[in-house]
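Undergrad: Below are the sequence and a predicted model; questions follow.
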Amino acid sequence: MDLNKLHNIYFIGIGGIGMSALARYFKSIGKHVSGYDKTPTEITEDLEQLGISIHFEDTVSLIEAPFNHHESTLVVYTPAIPKNHEELNFFLSKGYQVMKRSQVLGLITENTFCLAVAGTHGKTTTTSILGHLLYQSDVKLTAFLGGISENYNSNLILNGSEVSVVEADEFDRSFLTLSPNLACITSMDADHLDIYGDASKLTASFEDFSKKIKPNGKLFVKNGLPIEGITYGIEDDADYSIQNIKIENGVYIFDMKTPEIIVKGLRFNLPGRHNLSNALIAMAMAAEYGVSHQQLADALSTYKGVKRRFTYQIKTDNLVFIDDYAHHPEEINAVHGAVREMYPDKKVLAIFQPHLFTRTRDFIDEFAKSLSQFDEILLLDIYPARELPIEGVDSNWLLDKIENSNKRLTDKTNLVSEIHKSSAQIILTIGAGDIGEEVKHIKKELSVAS
């Protein structure tokens with residue numbers, strides 16, 4: 001498909017984080033963009049402000065007239081859209097060019113020098129750091145992010161088209177549509193078992209991804225993963241490693257060992273060893289691309305993070321409110337480790353909204369164990385996303401398994417009053433569902449109280 005010949009791009013599920021980055025991209029290069037989503041959000045409001053028309057009812061009559069031109073129209077959809085979706089079936093039945101988001105990303109990036117970040121955790125933060133390092137070093141790039149960058153207030157970093165930076169998503173095996181020049185694998189913990197069935201098939205798909213790298217390309221892997229590549233790790237003997245870690249006023253200061261030299265006195269503002277690891281692989285990939293070590297050091301020190309990735313909403317001496325997207329037990333462990341490292345003597349309240357019935361079922365014991373580490377736990381109902389309920393799989397079941405007596409269920413309407421009952425100095429909201437939509441309200445109420 002020749003993207004240059006397309007005039008109209010229609011998105012089914014335009015409010016998704018990956019979909020909206022593509023919508024921004026096509027709008028920026030002069031295409032006519034519009035779409036559908038189930039509900040209005042901050043993301044859809046931002047897209048509408050760019051002049052993108054969006055409707056929120058699955059009705060063919062609401063699709064705008066220009067999409068009558070089959071040959072100049074591309075329809076992009078997300079795998080989260082149900083098979084019986086009226087608009088999707090209309091486009092399929094009428095013979096339109098219909099593609100998944102991942103296929104379109106593959107088309108956009110195939111004629112660029114592509115840097116791809118794969119892994120079950122850390123993709124968005126790593127991609128965001130990598131995009132920032134390259135942008136600040138004046139590389140002509142387009143970076144598609146799976147979150148809103150605090151530095152650019154967008155999920156798209158646009159500074160040219162020679163280089164592309166993308167998340168290589170293992171969900172639905174969609175990362176197999178990419179052919180990167182440089183790629184990394186940050187982690188391979190079991191996830192998406194509703195798609196893969198078991199962990200061995202997930203591992204096999206990462207092995208397939210490692211074979212998609214272009215000739216003379218390079219693959220970086222977290223030290224200890226069962227795939228060959230250039231290794232990276234914290235305080236170990238990997239090809240790239242972080243050494244001599246100190247914390248001063250909530251900022252990491254460290255040295256980076258590369259295969260050639262040691263770069264001293266790097267500064268990084270995000271808390272948590274998992275984020276240090278993300279910063280390391282982003283720097284390693286940028287260095288292999290050709291960015292100088294001095295440019296890397298300067299750019300890293302100005303990196304601000306990704307919204308909903310250990311994002312400080314309130315940070316005072318008496319109260320800290322942090323919001324995080326963590327939705328897998330290993331991610332919750334990482335958040336716990338980060339908050340304990342930064343605030344070792346403070347009481348922590350974790351508010352968690354489980355994401356997906358299948359993920360809750362598949363990792364129920366691991367979720368219980370990771371949540372039990374906090375001083376106090378508030379549980380919301382499971383956010384279903386694309387799924388129908390599964391009998392017996394609910395937040396009550398998870399609550400029963402948490403080995404901590406200071407735990408209770410709540411709902412969004414009573415959330416603020418439940419938070420007020422707590423004596424915790426650190427408040428965490430955690431989850432990938434619509435808990436993120438509650439953050440503004442919680443912040444406002446807590447700000448008044450404090």
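TA: Alright, I've got the coordinates. From a predicted model like this one, the values you see are computed outputs, not experimental measurements.
Undergrad: Let's see the pLDDT reported for residue 308.
TA: In this model, residue 308 is scored at 87, pLDDT.
Undergrad: Tell me the secondary structure of it, please.
TA: coil (DSSP: H, G, I helix; E, B strand; the rest coil).
Undergrad: So it is in contact with residue 436, correct?
TA: Yes: counting by C-beta atoms under 8 Å, residue 308 does reach residue 436; the two are 5.6 Å apart. (Glycine included, C-beta is placed from N, CA and C.)
Undergrad: quick one: common contacting residues for these two?
TA: Between them, residue 308 and residue 436 share these contacting residues under C-beta atoms under 8 Å, 6 or more residues apart in numbering: 323, 325.
Undergrad: who touches the one helix or strand residue 104 maps to?
TA: If you go by DSSP states H and E, residue 104 is part of helix 101-109. For helix 101-109, the external contacting residues (C-beta under 8 Å, 6+ apart) are 1, 3, 16, 18-19, 22, 25, 74, 76-79, 99, 142, 144, 164, 166, 169, 172, 174-175, 177-180.
Undergrad: For the residue positioned nearest the centre of the chain, which three-state class applies?
TA: Nearest to the mean C-alpha position of the chain, by C-alpha atoms, centre = their mean, lies residue 124 at 3.8 Å. Here residue 124 is helix, with the state taken from three-state DSSP.
Undergrad: related to what we said a few turns ago, and the contacts of helix 101-109, which are buried?
TA: 16, 18-19, 22, 25, 74, 76-78, 99, 142, 144, 164, 166, 169, 172, 174-175, 177-180 (16 or more other C-beta atoms under 10 Å).
Undergrad: now residue 211: how far from residue 217?
TA: Residue 211 sits 11 Å away from residue 217, going by C-beta to C-beta, to the nearest Å.
Undergrad: Which of those two has more residues huddled nearby?
TA: Between residue 211 and residue 217, counting by other C-beta atoms under 10 Å, residue 217 is the more crowded of the two (16 against 8).
Undergrad: Hmm, that one is touching residue 210, no?
TA: No: contact criterion C-beta under 8 Å: residue 217 and residue 210 do not qualify, at 10.2 Å.
Undergrad: any shared contact partners between the two?
TA: residue 183.
Undergrad: hang on, the residue nearest to the centre of the chain packs against residue 307?
TA: No: using C-beta under 8 Å as the test, residue 124 is too far from residue 307 to be in contact (9.9 Å).
Undergrad: joint contacts of those two?
TA: Common neighbours of residue 124 and residue 307 (C-beta under 8 Å, 6+ apart) are residue 147.
Undergrad: Show me where the stretch 151-300 of the chain dips below the pLDDT cut-off.
TA: Low-confidence segments of the stretch 151-300 of the chain (pLDDT under 70): 170-173, 190-199.
Undergrad: If we use 50, what do you get?
TA: Scanning the stretch 151-300 of the chain for pLDDT under 50 picks out 192, 196.
Undergrad: what are the ranges of the strands in it?
TA: 154-158, 163-168, 182-185, 218-222, 230-234, 240-248, 251-257, 262-268 (DSSP state E, counting those that start in this stretch).
Undergrad: how far is the fourth one from where the chain is centred?
TA: Per C-alpha atoms, centre = their mean, to the nearest Å, the displacement of strand 218-222 from the mean C-alpha position of its chain is 19 Å.
Undergrad: what's it packed up against?
TA: Taking 3 or more C-beta pairs under 8 Å, 6 or more residues apart in numbering; DSSP states H and E as contact, the helices and strands that strand 218-222 lies on are strand 182-185, strand 230-234, helix 273-289.
Undergrad: do the third one as well
TA: If contacts are counted by 3+ C-beta pairs under 8 Å, 6+ apart, strand 182-185 sits against strand 113-118, helix 199-210, strand 218-222, helix 273-289.
Undergrad: Okay then, goodbye and thanks.
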